[in-house]
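Undergrad: I need the structure of the sequence given here:
(4 chains)
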There are 2 protein chains.
Amino acid sequence: MGRGGRERKGQPGARALDVAALAGVSTATVSRAFNAPEKVAPEIREKVLKAAAELGWMPHPAGAALASRRTWLAGVLIPTLDNDVFASQVGALQTRLSADGVTVLIGCSNYDADQAANQVRTMLARGVEALAVVGESHRPGLFETISARGVPYVVTYSHRPGSPHPSVGFDNAAAFRRIARHLLDLGHRDFGLIHQPSIDNDRVVARIEGLRAALAEEGVALRPPHVREGPASIAFGRESLRSIMEAPGPRPTAVVCGNDALAIGALIEARALGIGVPEELSITGFDDVAMAEQTDPPLTTMRVDNAEIGRRAADYLLACLAGRQPPPPPPLESRLILRASTGAPTAPRVLSDAQRSL
Amino acid sequence: MGRGGRERKGQPGARALDVAALAGVSTATVSRAFNAPEKVAPEIREKVLKAAAELGWMPHPAGAALASRRTWLAGVLIPTLDNDVFASQVGALQTRLSADGVTVLIGCSNYDADQAANQVRTMLARGVEALAVVGESHRPGLFETISARGVPYVVTYSHRPGSPHPSVGFDNAAAFRRIARHLLDLGHRDFGLIHQPSIDNDRVVARIEGLRAALAEEGVALRPPHVREGPASIAFGRESLRSIMEAPGPRPTAVVCGNDALAIGALIEARALGIGVPEELSITGFDDVAMAEQTDPPLTTMRVDNAEIGRRAADYLLACLAGRQPPPPPPLESRLILRASTGAPTAPRVLSDAQRSL
DNA sequence: GATCAGAATGTAAGCGCTTACATAGCATTT
DNA sequence: AAATGCTATGTAAGCGCTTACATTCTGATC
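TA: I've put the predicted structure just below:
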């Protein structure tokens, strides 16, 4: 961890004292001119600002942080940046926070609970004053650690009714119940499910549970060979659809996917297999990525406004930092986007019942 | 900018002095135990670490930064996080830097030169010790500002031969020359081009120039109605392809796209228009996104290892911080991925009409 | 046994800024 | 004219840490 180099420091020999001298005031006035302009007479303020500009000076954040006990830093913990969903959440959060002078530190867990805990520790050590965390299934004690420091936080992306944490997000279980409802209403009774890894991922777990619960209400259950768990990629979607359709026994008439990439993969494989969508098979996604409306047939999926999640999380944290005791934010709604990849099953139920009774 | 709240500060009453007292040593030893463990006798080090753990203490970064004149902060300026290309670059950069204890600040310009300049100013004010910047077409003086502070920087994503800046990236012009070469070799002489906004974007400009130059060598020029500039979306790709193919006069036999999203849009529209790819029309993309190999036909495109760009940028900056005077990094290679969306033009229009009537 | 190099630890002076408190200046009020 | 309040500014004490330098101790060398 090289400690060498860096003596140079271009101009930055200037300190508040130099600016004060040049402007003919005290350092206190210099500080106030920058941090509480309204407390300084306009003409003096001008003089200070001009002197600062002349010397290319700006308050050194370490000194400021030390003296004021404010770092103006916030952190956000996400699984990965390599995913539109989180990238846009972070983007919006950052935009909002930086408008209030707060800089955002980003920590990626790579879907690993240990890394997540580490990142949080690091951000805390860096002095973040607020934290947004994706999901609530983390190492036990993680939220306690945060609270112990008196740092306000908010869970994002998921909103589980009954969760002890303030959260900005939608109800993943409800969203998948909605999808199930749609398919059940169309008349489907045989389902497949392709989903991403569920370990340490409460969002995925909630989705699966939502789906199972809604199906169970109609007395429908997922048959194990029709459930596939793996990487959230197009390739895994393809592979899984093939495996599901080739499984012995009756084929499902609807396959629910954990996200759009999986669904797009399933769609591609269905075409390759010569299976008609939606006549023979309905397929649903989740996220509503740009590609979803361009597939053939266009994909029925759920839309979530990720940027809005970021914005609301930022607003909530900002309110906390302002000392207000904001009410926990209300859940967001996810919206079912009906397109052509879902339709009523054409095959007579009789047939599949007959098959099943064999 | 609410200055309220935050008196609480959970435990963190602990300071180095408290840890020192508990461990029965001086603050200097506490500091050394954390920053230069090899200078402290093992058993004392243990005692200090235990005391710190007991009090939940870790060095306060502001104090450390102030005393050591090191912030262990680096910045990266990108157009947007809403783009895999930059997201993975940043992800890799961050992973590498954090392994050396450097925290990354991310600034997004939203493709706007003013915002870019602002973000850089902000990061500099925050005390970043190194900076990675996407592209080199920025407000005049931006790089001078950075240099003036004595902050090492590196330009990423593009590598223009002859650029005065150290850069980690590939030669965008060469990459498009490569694409042009491929299509020319197949026998194409009528080209179309669909590209993203070129303002303040040297990468796009270089690509267009590379293409035009390569075509010019064969005496081929792009006809204005066959050139479309707009948002890098699937939708704009579709719309543009239609407009190009509907333009009066001979149709191009090959359409080059500025990225994969545009190319995928073009591919979709070609299918909708009943234009055979690649028999009647060849289409190329850029980036090699996951979807590119799943389209029908799979997309010929250029692959760039964005994560590698991030890694190398990090290594270069780390070397600078270590006081070494690293040589400017060599350019990366982009690779042509040949798939089925390109092929030889079937010369006579007549033939393809005949085919269509089958 | 005295001397000395070298390693381990302590002492204390800041790093650059903010802010509680003190002070000065001035317009009102009594 | 003295007392009062108010505002704009200055004074100076840290914020929590690092590190140059001083000190102490150890074992090796003469």
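
Undergrad: The helix or strand hosting residue A:239 and chain B, are they touching?
TA: Per DSSP states H and E: residue A:239 is located in helix A:234-246. Yes. Counting by CB under 8 Å from any CB of the partner chain, chain B has neighbours in helix A:234-246: A:234-235, A:238. C-beta here means a position set from N, CA and C on the backbone, and glycine is covered the same way.

Undergrad: Please enumerate the helices of chain A.
TA: Per DSSP state H, chain A carries helices over the ranges A:16-23, A:27-35, A:42-55, A:61-68, A:84-99, A:113-125, A:142-148, A:172-186, A:202-217, A:234-246, A:260-273, A:306-321, A:349-356.

Undergrad: Just name the most buried of the ones you listed.
TA: helix A:260-273 (a mean of 24; mean count of other CB atoms under 10 Å in any protein chain shown).

Undergrad: Give me the residue ranges of the stretch 201-350 of chain A where confidence is low.
TA: A:347-350 (pLDDT under 70).

Undergrad: Around chain B, which positions in it sit nearby?
TA: So the stretch 201-350 of chain A meets chain B at A:233-235, A:238, A:261, A:264-265, A:268, A:271, A:290-291, A:294, A:296, A:318, A:320-324 (CB under 8 Å from any CB).

Undergrad: Skipping its backbone neighbours, what lies nearest residue A:103 in space?
TA: Computed as CB to CB, 6 or more residues apart in numbering or on different chains, the closest residue to residue A:103 that is not its neighbour in sequence is residue A:73, at 5.5 Å.

Undergrad: For the closest residue to residue A:289 other than its chain neighbours, give me its contacts.
TA: What sits nearest to residue A:289 in space, not counting adjacent residues and going by CB to CB, 6+ apart, is residue A:260, at 4.6 Å. Going by CB atoms under 8 Å, 6 or more residues apart in numbering or on different chains, residue A:260 touches A:285-289, A:291-292, A:299, A:301.

Undergrad: In strands only, show me those.
TA: Here DSSP state E is the test, and the contacts of residue A:260 give residue A:301 as lying in strands.

Undergrad: Let me know the closest of the contacts of residue A:260 to DNA strand D.
TA: Proximity of the contacts of residue A:260 to DNA strand D was ranked by CB to the nearest atom of the strand; the top entry is residue A:287 with 43.4 Å.

Undergrad: Quickly note the distance from the closest one to residue A:259.
TA: 5 Å (CB to CB, to the nearest Å).

Undergrad: what sits up against stretch A:82-94?
TA: So stretch A:82-94 is in contact with A:76, A:78-81, A:104, A:106, A:132, A:134, A:156-157, A:287, A:289, A:304, A:306-311, A:313-314, B:80-82, B:84, B:87-88, B:91, B:106, B:108, going by CB under 8 Å, 6+ apart.

Undergrad: Run the contact check for stretch A:32-42 versus chain B.
TA: No. Remark: stretch A:32-42 sits outside contact range of chain B, by CB under 8 Å from any CB, the gap being at least 8.8 Å.

Undergrad: For that stretch, which outside residues touch it?
TA: A:29, A:44-45, A:48-49, A:52, A:59.

Undergrad: Check stretch A:307-327 too.
TA: A:74, A:76, A:88-97, A:100, A:102, A:129-132, A:152-154, A:156-157, A:166, A:168-169, A:329, A:332, B:2, B:4-6.

Undergrad: Repeat that for stretch A:328-339.
TA: A:154, A:159, A:166-171, A:174-175, A:178-179, A:182, A:288, A:292-293, A:297-305, A:308-309, A:312-313, A:315-316.

Undergrad: Enumerate the positions of it that are buried.
TA: By neighbour count on 16 or more other CB atoms under 10 Å in any protein chain shown, the buried set for stretch A:328-339 is A:329, A:331-332, A:334, A:336-337, A:339.

Undergrad: measure that stretch end to end?
TA: 34 Å (CA to CA, to the nearest Å).

Undergrad: Make TSV out of the helices of chain A and add distance to residue B:198.
TA: TSV is the format used below for the helices of chain A (distance: least, CB to CB, whole Å):
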stretch	distance to residue B:198
helix A:16-23	42
helix A:27-35	39
helix A:42-55	34
helix A:61-68	36
helix A:84-99	23
helix A:113-125	38
helix A:142-148	45
helix A:172-186	40
helix A:202-217	39
helix A:234-246	30
helix A:260-273	30
helix A:306-321	26
helix A:349-356	56
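
Undergrad: Quick one: mean pLDDT for stretch A:124-137?
TA: For stretch A:124-137, mean pLDDT is 95.

Undergrad: Check which residues of that stretch are buried.
TA: A:124, A:126-137.

Undergrad: Please save the CA atoms from it in PDB.
TA: The C-alpha coordinates for stretch A:124-137 follow below in PDB (Å, rounded to 0.1, in the frame of the first residue of the first chain):
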ATOM      1  CA  LEU A 124     -19.500   3.200   8.000                       C
ATOM      2  CA  ALA A 125     -15.700   3.600   8.600                       C
ATOM      3  CA  ARG A 126     -15.700   6.200   5.900                       C
ATOM      4  CA  GLY A 127     -18.200   8.100   7.900                       C
ATOM      5  CA  VAL A 128     -21.400   7.800   5.800                       C
ATOM      6  CA  GLU A 129     -24.300   9.500   7.600                       C
ATOM      7  CA  ALA A 130     -27.100   7.500   5.900                       C
ATOM      8  CA  LEU A 131     -27.400   4.200   4.100                       C
ATOM      9  CA  ALA A 132     -29.600   2.600   1.500                       C
ATOM     10  CA  VAL A 133     -29.500  -1.100   1.400                       C
ATOM     11  CA  VAL A 134     -31.000  -3.400  -1.200                       C
ATOM     12  CA  GLY A 135     -33.000  -6.100   0.400                       C
ATOM     13  CA  GLU A 136     -33.300  -7.100   4.000                       C
ATOM     14  CA  SER A 137     -31.800 -10.600   4.100                       C
END
